[in-house]
Each structure stands twice: as structure tokens, then as C-alpha cells.
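Asks: Predicted model follows, preceded by the sequence.
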Amino acid sequence: MGHVEVGHLTYVLPDGRPLLNDVSFRIGEGVKAALVGPNGAGKTTLMRLVAQDLEPVEGSVASSGGLGVMRQFIGSIRDGRTVHDLLLSVAPGRVREAAGRLEAAELVMMEREDEKAQMRYAQAITDYTDAGGYDIEVLWDTCTVAALGVPYDRVKYREVNTLSGGEQKRLVLEALLRGPDQTLLLDEPDNYLDVPGKLWLEQALRETPKTVLLVSHDRQLLANAADRIVTVESGNIWIHGGGFADYAQARRERNERLDELRRRWDEEHAKLKRLVIMLKQKATYNDGMAPAYHAAQTRLRKFEEAGPPEVPPRDQLINMRLRGGRTGKRAIICEEFELTGLMRPFDLEIWYGERVAVLGSNGSGKSHFLRLLAGDEVRHTGTAKLGARVVPGHFAQTHSRPELLKRTPCEIVMTEHARLKNEAMKALSRYELAGPVAEQRFETLSGGQQARLQILLLELSGATLLLLDEPTDNLDLASAEALQEGLDAFAGTVVAVTHDRWFAADFDRYLIFGADGRVYEAPEPVWDEGRVVRER
């Protein structure tokens, strides 16, 4: 069994801003704890500190039972990385080290086969065996069959970027949940999973004896799987000992208590200051009042040194102004359309102003469909065309936007949309991206901040057709609600791929990519489409 313990942890961002201030908590053996809080509050940074990817300014982190880590963007990997590489990246450290030595020895053997190279290769095989490398490959076979429906030997050299986001997540989760590490850090493990996948994850988390600290914005998953809620807000941490069902009420009550404590502190502070001023005046003409004056001074100094109680965190104020514009009556027309090898041909008409949710299993072609409508090159037959005056704007599922890397939100808005700096900052402030965040590079933003910036760019682009691929996955609750309000006011057409049960409830039409390759419409969301494995 494992545990996680954080003691008096302080972390300061590279630009000098404090992010976490003297935070402490413990996750005991077998506990399933969810880490929640606003985007950018430090959830992923805290996970990286626990994983020892980052060093704190002060404080300590301890864990036991071996530490398995799923990072937020497992798909953000170099070109050519294989399924084997992905599985190895979440294997225990001793296996990764032995595999690295074996790979190096194999490269030497390809160049020369002298006795020294052969001895080195033989020793590398022995070390890999002793580290449990071949044993874990047997485990990986179980994982690839469960996640992809294909044995490990048949997919080990397949490039990871040929897997959907959900397939990548499910594969890593299978490896971690079945692996030897007894403490797991899962940063947004449900992102890109379809609803059957989320139900599987909920059950797996309930059943595993492992200790789990996870970050998720899926309220249903939190309610079904978490028995502790660890909140990161305003640099501090507080823990709700119950589940998510009564978390919102507990947070309101806590903030009300903090408000009351702060009010009382302010009243007492003002009272002590008045007392000191009064006694000082009396002491000027009555020497007998001097001891009382000095005692009051000491009391005030100690009171101020103890400091005020914690200030309740400020609620986020996000205002998305998605405008759109009038287009032709038919926004999207598909005739005998088929994504090669993924579906049967289908016809489709989407009319101006409609909200269409695209649902179905992972790997069924939903993201490819949106990419093609956005103008990307995707193999297909038949026709898919946009109506008159339809300007597509695409929200990418994996936040893969290489053109935004090494640029700050302020620079991006100014250069791509011809905005003056004060105009750019006003727009960014409506998305809670002003201040120091506006000067951070895109790749250093949290997943939720990147998502909000993408939505802002859609707003500024003048798009009349929004193609949203899992837009709520990285958004906190306040941001997701702001997006819903923005879409309600949007004068245009919306097509969204989603596995968010709450988000999908507001759509007009439901286009289902079925497990058998059939594409059909349903009057209500369909979440139970199974998956069909297709080797690509």
C-alpha cells in the first residue's frame, strides 16, 4: 500500500510569483483523493512537485509503495514515439533504466558484433530481466488487449500519434492500474475518454486498493470515485473529508466562516488601535496610564504579528463574447461522405444556428470529421462542404497548436488579431488571462488556461461555425459554465465532439458515430456505443 505526504510546501513560479504557500496534506493508504480548483491555481504544478518533476522552494514531499504518474498531456510527445515507448514511460524507474541500457546495447550490436559488444548486450538482457522488464511486457499484453483490442506484439511499434486521445489515456490507465506501483498520480485521466471509458475508470478507481491522487473536472466521476476533495485556491489548500456530492455546500460554508472570521478580526483590530490611541493621549498628561499604554501597544503588535485569518478566494468572473454572424441556411452539407476505413457513407445537413453534438466511441472518427470541416487534409470519399458565409473556427482536442508555442497570450492576441496592447489585455481579462498570465508562454499555461485562450481566439476570429473538440475537458466548473453561456448567445452554428454528459444536455441534435461504422441521429444522447477495433 502507498501514501502521499506533503509538508509545508512552498513553490514560486520562474517569474517570481508565489503559487503555493506553506501547504501541507496527507493522502492515506487506499484513499482516492481528488485535487480540484480554478484553472491555473497550481493543481498540475502540485502534481509535478509530488512526482518530483519540480523542486519546491521549501518543504518536503514523501510517498511510499512506488509512484506511478499519468501526466496531463500524455499525447504531447515527439514524432515517431511508439506504443512501446508510451508504456515504458509509465513503467517503474528500474525497468525504464534497464530498457535504456538494453536499447543502447542493441544499437551497438547493429554497428558491430565484437566480443565486447556481445558481452554488453548479454549483460543488458540480464539486467532487463532482473528488473522485471519481460514480466511487465506480459502485463502490457493484457493492457493493449483491454485498451486497443490487439496483442502487444502487434502494436508495440505502432506510432502513438495514430491512437486517439482516448485510446492513449485508456492504455496508460490500464498499465498504471494493473502495474506494481501502489501510489498513483493521475492528472485529468478522464480527458478524451468516452462515457463507457469513464464508467470503466470510475469502477476501476473504486475497486483498486491503490492510493490515488487525481485531477479531474468531470463532476460525475468525482462524485462516483473520490472520497476526499483537496482544494487548491489562492495559494492555499484545504481538504473536504467527504465526497463531491456535498462539496459545493461545504465550500460555501467554509467561505462564509472565513468571511465572518475576517470581519471579527477587522473589528478587533480597529478596537485595539482605538484603545492604543486613547491610552497614548491619556499617557501624555497622566504618567499612571503609561503601563496600560505600553501593554496595549504590545497586545496590538502581537495581534498584528499573528496576522488576519485566510481571505476567502475570489470567484472567477469569465465573460465569453462569442458573436458569430449570419450565414446561408445550410451551414454544412455532407453527401455520401465517408472517412476512409472509419465509417459507412452518410448524408447530413446542418442548418444555421443549430447545436449538434457528435457522440460515439473513441477511434470512430469524430475528431477527424471536425478537422476536415475545419479545412485540414483528411482522407475521405464523398463530399463535405460548408454553406455560404460559413467561417469555421476549430478548437483542437489535444491543444496541439505549434504556432502558439513560445508566444505569450498578449503577443498572440496582438499579432493574430491586430489588437493594441490595452485592447488585448481587456479581451484577456474577460477570460481570466490578464495580469502575469498574459506574459507567460503558451506552453507554460495550465490546460484550462490554454483552453480559454483557444476559445478567445475563436471569439476574435469572427468564426460563424464553431467546431469544438472536447472543449470542456480542461475547463474548471466556472469556465465551463461561462462557455455554455457564451454558446447560448452565439449567433452561428456549433458542432461539438464531447463526452461531457452535462455539456451535451444543451444541444439540439445528436449525431452518433456508431461502433459498427454507421452514422445516425438520435433524439437524446447515446453513451453506450461500444468500440470496434480497427488496425490502422
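Replies: Noted; the coordinates are in hand.
Asks: Relative to the whole chain's centre, how far out is stretch 1-15?
Replies: Offset of stretch 1-15 from its chain centre (CA atoms, centre = their mean, to the nearest Å): 19 Å.
Asks: What's the mean pLDDT across it?
Replies: Here stretch 1-15 scores 91 as its mean pLDDT.
Asks: Break down the stretch 251-400 of the chain into its strands, ranges please.
Replies: Counting by DSSP state E, counting those that start in this stretch, the stretch 251-400 of the chain has strands at residues 330-339, 346-351, 355-360, 380-386, 392-395.
Asks: Over to the stretch 101-250 of the chain?
Replies: For the stretch 101-250 of the chain, applying DSSP E, counting those that start in this stretch gives strands covering 183-187, 211-215, 228-233, 236-240.
Asks: and the angle from the longest one to strand 236-240?
Replies: Our comparison of strand 228-233 with strand 236-240, counting by axes from the mean of the first three to the mean of the last three CA atoms, to 10 degrees, yields an angle of 150 degrees.
Asks: Give me the contact list for strand 228-233.
Replies: Applying CB atoms under 8 Å, 6 or more residues apart in numbering, the external contacts of strand 228-233 come out as 20, 23, 25, 27, 31-38, 41-43, 46, 213, 222, 237-244, 247, 251, 313. Bear in mind the C-beta positions are built from the backbone N, C-alpha and C, glycine included.
Asks: chain center to it, what's the gap?
Replies: 15 Å.
Asks: and it, which residues are buried?
Replies: Across strand 228-233, burial judged by 16 or more other CB atoms under 10 Å covers 228-233.
Asks: model confidence over that strand, on average?
Replies: Strand 228-233 carries an average pLDDT of 93.
Asks: ok, now the second one?
Replies: Mean pLDDT, strand 211-215: 96.
Asks: ok, so of the buried residues of strand 228-233, who is nearest Phe507?
Replies: Taking CB to CB as the measure, Phe507 lies nearest Ile229 of the buried residues of strand 228-233, at 29.3 Å.
Asks: The top helix by length along the chain packs against which elements?
Replies: As assigned by DSSP state H, the longest helix anywhere in the chain is helix 247-283. Applying 3 or more CB pairs under 8 Å, 6 or more residues apart in numbering; DSSP states H and E, one finds that helix 247-283 makes contact with strand 236-240, helix 290-306.
Asks: roughly how far out does it sit from the chain middle?
Replies: That offset, for helix 247-283, works out to 38 Å (CA atoms, centre = their mean).
Asks: What about the residue lying closest to Leu487 once chain neighbours are set aside, how many residues nearby?
Replies: Take Leu487 and drop its neighbours on the chain: the residue closest to it by CB to CB, 6 or more residues apart in numbering is Val494, 5.8 Å away. By the criterion of other CB atoms under 10 Å, Val494 has 23 neighbours.
Asks: Then Leu86?
Replies: Close neighbours of Leu86, defined as other CB under 10 Å, add up to 21.
Asks: repeat for the one 10 residues further on
Replies: By other CB under 10 Å, 14 other residues sit near Arg96.
Asks: what does stretch 269-277 contact?
Replies: With contact meaning CB under 8 Å, 6+ apart, stretch 269-277 is reached by 293, 296-297, 299-300, 303-304, 308.
Asks: Enumerate the positions of that stretch that are buried.
Replies: Under the neighbour-count criterion of 16+ other CB under 10 Å, stretch 269-277 has 272, 275-276 buried.
Asks: next one: stretch 490-499
Replies: Of all the residues in stretch 490-499, those buried under the rule 16+ other CB under 10 Å are 490, 492-499.
Asks: Could you write out the alpha-carbon coordinates of it in CSV?
Replies: Only the C-alpha atoms of stretch 490-499 are listed here, as CSV (Å, rounded to 0.1, in the frame of the first residue of the first chain):
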residue,chain,number,x,y,z
PHE,A,490,-23.5,32.8,-30.2
ALA,A,491,-25.2,33.7,-33.5
GLY,A,492,-23.9,30.9,-35.5
THR,A,493,-23.7,27.1,-35.8
VAL,A,494,-22.0,24.8,-33.2
VAL,A,495,-20.7,21.3,-33.8
ALA,A,496,-19.1,19.8,-30.8
VAL,A,497,-17.5,16.4,-30.1
THR,A,498,-18.0,15.7,-26.4
HIS,A,499,-18.1,13.0,-23.7
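Asks: Just give me how far it sits from the chain centre.
Replies: With CA atoms, centre = their mean as the basis, the distance from the averaged C-alpha position of stretch 490-499 to the chain average is 21 Å.
Asks: Quick one: mean pLDDT for it?
Replies: Stretch 490-499 comes out at a mean pLDDT of 94.
Asks: which non-adjacent residue is nearest Leu261?
Replies: Pro309 (4.1 Å).
Asks: For Thr142, state which of the buried residues of stretch 490-499 is nearest.
Replies: Nearest to Thr142 among the buried residues of stretch 490-499, counting by CB to CB, is His499 at 24.6 Å.
Asks: List only those of the contacts of strand 228-233 flagged as buried.
Replies: Buried by 16+ other CB under 10 Å: 20, 23, 25, 27, 31-38, 41-43, 46, 213, 222, 237-238, 240, 243-244, 247, 251, 313, out of the contacts of strand 228-233.
Asks: In helices only, show me the residues you listed.
Replies: Secondary structure assignment by DSSP H places 43, 46, 222, 247, 251 of the buried ones among the contacts of strand 228-233 in helices.
Asks: Now do the fourth one against Gly2, distance only.
Replies: As judged by CB to CB, to the nearest Å, Tyr247 and Gly2 stand 24 Å apart.
Asks: what does the last one give?
Replies: Going from Arg251 to Gly2 by CB to CB gives 28 Å.
Asks: Mind listing what's buried along the longest helix of the chain?
Replies: Within helix 247-283, the residues scored as buried using 16+ other CB under 10 Å are 247, 250-251, 254-255, 258, 272, 275-276, 279, 283.
Asks: Equivalent analysis for stretch 500-509, please.
Replies: Buried residues in stretch 500-509, defined by neighbour count with 16+ other CB under 10 Å: 500, 503-504, 507, 509.
Asks: Leu465 contacts His394, doesn't it?
Replies: No: look at Leu465 against His394 with CB atoms under 8 Å: they stay out of range, at 9.3 Å.
Asks: Looking at those two, which is more packed in?
Replies: Legend: neighbour count by other CB under 10 Å for Leu465 and His394, higher for Leu465 (24 against 20).
Asks: For the more buried one, list each beta-bridge partner.
Replies: Pro392, Thr493 (DSSP bridges).
Asks: and it, what does it touch?
Replies: Applying CB under 8 Å, 6+ apart to Leu465 gives the contacts 327, 331-332, 373, 386, 390-393, 492-495.
Asks: excluding its backbone neighbours, what's nearest Gln316?
Replies: Closest to Gln316 by CB to CB, 6+ apart is Ala478, at 4.2 Å.
Asks: Could you report the neighbour count for Tyr352?
Replies: Here the count is done by other CB under 10 Å, and Tyr352 has 21 residues near it.
Asks: my read: it touches Phe490, true?
Replies: No: contact between Tyr352 and Phe490 fails when scored by CB under 8 Å: they sit 11.6 Å apart.
Asks: Show me the shaky parts of the chain.
Replies: Across the chain, residues meeting the criterion (pLDDT under 70) sit at 75-79, 397-400, 418, 530-536.
Asks: if we can go back for a sec, would TSV of the buried residues of strand 228-233 with distance to Val356 be doable?
Replies: Formatted as TSV, those follow (distance: CB to CB, whole Å):
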residue	distance to Val356
Arg228	38
Ile229	34
Val230	37
Thr231	35
Val232	35
Glu233	36
